[in-house]
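**Student:** Build me a structure from this.
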Amino acid sequence: MNKEEKSSMFDWGKGLTVAIILFICTTLGIVAYIVSLDYYMVTDNHYEKAENYQDHINRVEQTGALQDPIVIEFLKEESIISVQFPSSFSKAKVTGKIELYRPNNPGLDKILALDLDENFIHRVSTKGLAKGKWLVKITWSSDAKEYYKEKSIFI
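**Tutor:** Numbers count the residues shown, from 1 in each chain. Here you go, the predicted structure:
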């Protein structure tokens with residue numbers, strides 16, 4: 001073999017070295033990107049929530065047994081979330097809270113006391129809330145029974 005034939009041949013040693021270096025750089029780049037992402041736990045106190053889960057199941061079953069369910073709607077034109085309770089609930093007997101839960105950023109969550117008007121409706125203004133997915137979680141009690149309902153809305 002002369003000198004020209006040797007220079008035109010592929011050098012496997014250099015090729016494998018370049019491939020391994022590219023693989024390592026790509027892997028490190030992906031790891032650095034994943035580590036830089038924001039991530040949140042679903043809830044900070046998940047052990048406490050797990051202990052109370054049977055109570056939550058009982059509230060959901062109680063809500064499912066209602067003849068007239070509550071209605072949660074996002075009224076885009078009015079920029080409000082409307083929660084309509086059936087008239088079978090007495091206004092004076094309903095107490096509870098509404099939680100506006102933002103799945104990707106717990107710093108935006110809001111908890112409001114339930115306050116029904118004369119038509120058994122609670123209205124929540126969405127002005128100032130970030131655009132995107134929200135969970136409206138309602139926990140209430142009436143006549144010594146506890147209830148729970150949630151609905152996803154997109155603002």
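
**Student:** Need the nearest residue in space to the residue sitting nearest the centre point of the chain, chain neighbours excluded.
**Tutor:** Most central in the chain under Cα atoms, centre = their mean is Pro103, positioned 2.3 Å from the mean C-alpha point. Using Cβ to Cβ, 6 or more residues apart in numbering and skipping the chain neighbours, the partner closest in space to Pro103 is Lys133 (6.2 Å). No exception for glycine: its C-beta is placed from N, CA and C like everyone else's.

**Student:** from what I can see that neighbour touches Phe154, true?
**Tutor:** Yes: using Cβ atoms under 8 Å, Lys133 makes contact with Phe154 at a distance of 5.6 Å.

**Student:** So for these two, which residue has more residues nearby?
**Tutor:** More neighbours surround Lys133 than the other of Lys133 and Phe154, with 13 against 9 (other Cβ atoms under 10 Å).

**Student:** and the more buried one, what does it touch?
**Tutor:** For Lys133, the contacting residues are Arg102, Pro103, Asn104, Ser152, Ile153, Phe154, by Cβ atoms under 8 Å, 6 or more residues apart in numbering.

**Student:** about what we covered before: so the residue nearest to the centre of the chain sits in a strand?
**Tutor:** No: counting by DSSP: H, G, I helix; E, B strand; the rest coil, Pro103 is not found in a strand; it is coil.

**Student:** Mind picking out the helix or strand in this structure with the poorest mean pLDDT?
**Tutor:** helix 3-8 (a mean of 57; mean pLDDT, DSSP states H and E).

**Student:** next SSE after that one?
**Tutor:** Going down the chain from helix 3-8, the next helix or strand is helix 12-36, by DSSP states H and E.

**Student:** Report the distance from that following helix to the chain centre.
**Tutor:** Distance, stretch centre to chain centre, for helix 12-36: 35 Å (Cα atoms, centre = their mean, to the nearest Å).

**Student:** With stretch 111-131 instead?
**Tutor:** 19 Å.
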